[in-house]
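Peer 1: Any chance you can model this:
(chains A and B)
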Amino acid sequence: MKAVCWMGKQSIEVHTVPDPEIINPHDAIIRVTRTAICGSDLHLYAGLIPSMESGDILGHEFMGIVEEVGSEVRKVKRGDRVVIPFTIACGNCLFCKGDLWSLCDNTNPNAQVAETMYGYSGSALFGYSHIYGGYAGGQAQYVRVPFADVGPLVLENDLPDDKVLFLSDIFPTGYQGAANANIKSGDTVAVWGCGPVGLFAIASAYMLGAQQVIAIDRFPERLALARQCGATTIDYSQDDVSIVEALRDLSGGVGPDSCIDCVGIEAHSHSAAGIYDKVKQTLKLETDRPFVLRQAIQAIRKGGTLSIPGVYGGVLDKVNFGAAFGKGIHMSMGQTHMHKFLKPLLKHVEEGHIDPSFLISHRVGIEDVPAMYEKWQKKEEGVTKIVIDPWVDSLAA
Amino acid sequence: MTTGILNRDLEVETSGGSFPKTGSTYTPLPEKDEQGRVVASVVQTIRAEPEQLYRLWSDVSLFPRWQERVISVTQTGRGRSHWILSNHEDPDGKRFEFDSEITEDVPGRKLAWQSVSEEVDLSGAVTFIEAPSGRGTLVTLTQVFKVPLGLFGNAVAAVTKRSPRQIVTEDLRHFKQLAESGEIPSVKGQPHGPRGVSGEIKEWMYGETNPTPPGTSEVE
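Peer 2: Numbering: from 1, shown residues only, chains lettered A, B, ... in the order given. All right, here's what the predicted structure looks like:
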């Protein structure tokens, strides 16, 4: 089969590799009909996530048709149309039973590596480094999916792939970002980053009762989509704009009730602090650039909730923990508990409350993928979301 | 010497609502590494009944399914078994054999064992205690590796890529995974693109050649 492989920092290649086979009795093999590049894949592309190896198959947003099932698979069967959540969960440990699916105890074959870095290991993910299990990912024609009766969402509708594909990660991730933000009716919510997760966080914040959502980014195409979701937008690259002051102003001097960091480790800033982080990250003196985190801690109202769906990988520098303490804020973060959100969010799509395909800017074939990583990283051609048909070589004009 | 190493009480005391209560001081689990003797302990909470886990552990024929480096275990008599250890990835490589006997057996609660061999001195104990709040069972495993003249150390080095401490951690982790999820997670043999030089070197640390016991996998 053809698969998109990480070959090193800023190096993506399509290779022909053997088809995956059943390894464990709860596995299924999925024939991928649609997959996508996630914003978090750009962290891998930039070489910021440790324990990637040359040859790793990328991709954690995918869906398709069940091709084969292992001997202990009972519910899912050959021919089923499924969306695959990007986190892999066993369904039976303390954490799965506690609805904390992305913290599953039993799916990471390299748990010892994660334990060394983090104390305990979360669940494994598809195509997202060996710390997170080293499972081959979904930017490929076929994928092996463990615990097929636990994860895959079986579709019983005829909605096109593009409308349901994003249930595999970014829609639930944006939704959890908003759900973790403790939004109450009438609240003001600030969202940093208007990429796919940010856009779904904006839409979800309104679904959860927000009165006003303020969205922060610098790319016109993203800010336009944020306004389509109903947000008031701030372009932080404008010289005369201070984000903290703008948020104070828009929240009547109180500060946003909830702040959602949909940016994570690759935050960008024009300021001196942004350059400081970029230099330290390049010299490997810090792993993450927590610019948004610092700004959100400063801007949030007293007693507010800071929710962090943006990915962080390691050690942060110069985060004003005193401000977080002094204002008594709440913080909530982590990988998405996908399995909890799949069915309720599918219902929203089926009932027409939201069409998640609104943010797709590019549809490509598998051989186009390496070039699309570069274009999205450089924010060229107005890329907002790239979906891939892995059975077509090229769709690019 | 070995059966008494576990200082966890088999009886769990539950405190009532009265105050003041009787607290206690933390006693660390046995850990030692001196003069060729390594003691390592690890604890896990497993979502199953103590009796179920005791039965799973008691079935010595299943050890090759969930412990790295165990090729076969044969019951040779009441409480006695014969063990063959080797490297799964290297079937022609070094292997060594020894007999082991059960030194303490509290059905549903505790097992302790001691090797009966001139070359190998390996002992240990495992306890199964019901965890509070319906969380399952608190499983505590302690292993003692004695290394006369470095022989067992060499043998361990020959059949495993891990330190004795990590062996104990991985053994109990794999037991938990098998008991809770019905399999041991693995990426062995999955497809990947060209690994290149450094990728091949690192593969044994994590990746498709990581020494994962088979669990319930039917793949050879």
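Peer 1: Flag the shaky bits of the chain, pLDDT-wise.
Peer 2: Picked chain A for this. Residue ranges of chain A with pLDDT under 70: A:269-276, A:280, A:282-288, A:396-397.
Peer 1: try again with chain B
Peer 2: Applying pLDDT under 70 to the predicted model, the residue ranges of chain B that meet it are B:1-16, B:87-94, B:147-162, B:200-207, B:220.
Peer 1: which residue does chain B bring closest to chain A?
Peer 2: Evaluated by Cβ to the nearest Cβ, chain B has B:Gly193 as its residue closest to chain A, separated by 3.3 Å. (Glycine included, C-beta is placed from N, CA and C.)
Peer 1: Which of the helices or strands spans that residue?
Peer 2: Under the assignment given by DSSP states H and E, B:Gly193 is not contained in any helix or strand.
Peer 1: and the gap between it and A:Ala136?
Peer 2: Taking Cβ to Cβ, to the nearest Å as the measure, B:Gly193 falls 10 Å from A:Ala136.
Peer 1: Kindly report the same for B:Gln75.
Peer 2: To A:Ala136, B:Gln75 is 39 Å away according to Cβ to Cβ.
Peer 1: between the two, who's got more neighbours?
Peer 2: Comparing B:Gln75 with A:Ala136 by neighbour count (other Cβ atoms under 10 Å in any protein chain shown), the higher total belongs to A:Ala136, at 26 against 12.
Peer 1: May I have the secondary structure class of the closest residue to B:Pro164 other than its chain neighbours?
Peer 2: In space, and not counting its chain neighbours, B:Pro164 is closest to B:Val38: 4.5 Å by Cβ to Cβ, 6 or more residues apart in numbering or on different chains. In the three-state summary, B:Val38 is assigned as strand, counting by DSSP: H, G, I helix; E, B strand; the rest coil.
Peer 1: Could you give the bridge partners of B:Val38?
Peer 2: B:Asp33, B:Phe145 (DSSP bridges).
Peer 1: Distance-wise, check it relative to B:Arg69.
Peer 2: The separation that B:Val38 has from B:Arg69, given Cβ to Cβ, amounts to 16 Å.
Peer 1: if we can go back for a sec, can you give me the distance of the residue nearest to B:Pro164 to A:Gly127?
Peer 2: Counting by Cβ to Cβ, the separation of B:Val38 from A:Gly127 is 38 Å.
Peer 1: Equivalent analysis for A:Tyr312, please.
Peer 2: Note on A:Tyr312: its distance to A:Gly127, by Cβ to Cβ, is 19 Å.
Peer 1: repeat for A:Thr107
Peer 2: With distances defined as Cβ to Cβ, the gap from A:Thr107 to A:Gly127 amounts to 14 Å.
Peer 1: So which bits of stretch A:210-230 are buried?
Peer 2: By 16 or more other Cβ atoms under 10 Å in any protein chain shown, the buried positions in stretch A:210-230 come out as A:210, A:212-219, A:221-223, A:225-226, A:229.
Peer 1: Over to stretch A:110-125?
Peer 2: A:110-114, A:121-125.
Peer 1: same question, stretch A:342-353
Peer 2: Neighbour-count burial for stretch A:342-353, with 16+ other Cβ under 10 Å as criterion, is recorded at A:342, A:345-346, A:348-349.
Peer 1: Could you dump those into CSV with secondary structure added?
Peer 2: Converted to CSV, the buried residues of stretch A:342-353 look like this (three-state DSSP):
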residue, secondary structure
A:Leu342, helix
A:Leu345, helix
A:Leu346, helix
A:His348, helix
A:Val349, helix
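Peer 1: closest to B:Pro214 among those residues?
Peer 2: Of all the buried residues of stretch A:342-353, the one sitting nearest B:Pro214 is A:Leu342; the distance, using Cβ to Cβ, is 30.6 Å.
Peer 1: Could you find the closest non-adjacent residue to that closest one?
Peer 2: For A:Leu342, the nearest residue in space outside its immediate sequence neighbours is A:Leu153; the separation is 4.4 Å by Cβ to Cβ, 6+ apart.
Peer 1: In the sheet, which residues pair with that neighbour? Tell me.
Peer 2: Under DSSP bridges, the beta-bridge partners of A:Leu153 are A:Val83.
Peer 1: tell me the contacts of A:Ala205?
Peer 2: Listed by Cβ atoms under 8 Å, 6 or more residues apart in numbering or on different chains, the contact set of A:Ala205 reads A:178, A:181, A:183, A:189, A:191, A:213, A:258, A:260.
Peer 1: Select from the residues you listed every entry located in strands.
Peer 2: Using DSSP state E, the members of the contacts of A:Ala205 that fall within strands are A:189, A:191, A:213, A:258, A:260.
Peer 1: Of those residues, which is the most crowded?
Peer 2: Comparing the ones in strands among the contacts of A:Ala205 by number of neighbours (other Cβ under 10 Å), A:Val191 comes first, having 37 neighbours.
Peer 1: any idea how far it lies from chain B?
Peer 2: The spacing between A:Val191 and chain B, counted by Cβ to the nearest Cβ, to the nearest Å, is 35 Å.
Peer 1: With adjacent residues omitted, what lies nearest to the residue of chain B closest to chain A?
Peer 2: If the residues on either side of it in the chain are set aside, B:Gly193 comes closest to A:Cys5, at 3.3 Å by Cβ to Cβ, 6+ apart.
Peer 1: Strands along chain B, start to end?
Peer 2: Counting by DSSP E, residue ranges of the strands within chain B are B:32-34, B:37-46, B:70-77, B:80-86, B:95-106, B:110-116, B:121-130, B:137-146.
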